[in-house]
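**Q** Sequence and predicted structure, then a few things I'm wondering about:
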Amino acid sequence: MRVTSDLWVSALLRRVHSAGGFGAVLQRGSTEAGAIFIVRRSRLGEVTLYGPAPQIFYEEGKPQERGFSAMLGPAGEAAVDAMLEKERRFDPDLWIVEIETGGSGDEELFPVKTA
């Protein structure tokens, strides 16, 4: 059974804070199954946007875990804002979480899928 978006975001923020970083929910989406987008800001100001990984990154039909893939990055803040606005028009129930990690790699905090 897949955990709710609300629970998953809470766990992510707890992992980020315990690793010495900072995180905040910028937009709260559907509690049960809202898509989650992660804006990762480095201490140098670089911004990377992660979104739900496409189905092709999973071996099975309906995955039990959430996976993310980089959509933009490192990119400017305006490009990230434009991409998020486009996603909001498609799905207004999405979550947007911004994190600034304290040196931890992204893969240590959330599952990153690559082709």
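**A** Right, received. Where do you want to start? Every value quoted in this text rests on a predicted model; they were computed, and no experiment measured them.
**Q** What residues does the spatially most central residue of the chain make contact with?
**A** Central residue of the chain (C-alpha atoms, centre = their mean): residue 38, 2.5 Å from the mean position. Contact analysis of residue 38 by C-beta atoms under 8 Å, 6 or more residues apart in numbering lists 12, 49-51, 68, 97-99, 110. No exception for glycine: its C-beta is placed from N, CA and C like everyone else's.
**Q** can you redo those residues as TSV with secondary structure, pLDDT and neighbour count?
**A** Listed next are the contacts of residue 38 as TSV, based on DSSP: H, G, I helix; E, B strand; the rest coil; pLDDT from 0 to 100; neighbours: other C-beta atoms under 10 Å:
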residue	secondary structure	pLDDT	neighbour count
12	helix	94	20
49	strand	95	22
50	strand	94	23
51	strand	93	18
68	strand	89	21
97	strand	97	23
98	strand	96	18
99	strand	94	24
110	coil	84	20
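**Q** Show me where the chain has its helices.
**A** Along the chain, the segments classed as helices by DSSP state H run 5-18, 77-90, 106-109.
**Q** Could you pull up the mean pLDDT of the last one?
**A** The one in question is helix 106-109. Mean pLDDT, computed over helix 106-109, is 77.
**Q** ok, now the second one?
**A** For helix 77-90, the per-residue pLDDT values average out at 94.
**Q** hang on, the earlier thing: and residue 33, which of the helices of the chain is closest to it?
**A** helix 5-18 (6.1 Å; C-beta to C-beta).
**Q** helices and strands around that closest one, which ones?
**A** In terms of contacts (3 or more C-beta pairs under 8 Å, 6 or more residues apart in numbering; DSSP states H and E), helix 5-18 is packed against strand 22-27, strand 36-41, strand 95-100, helix 106-109.
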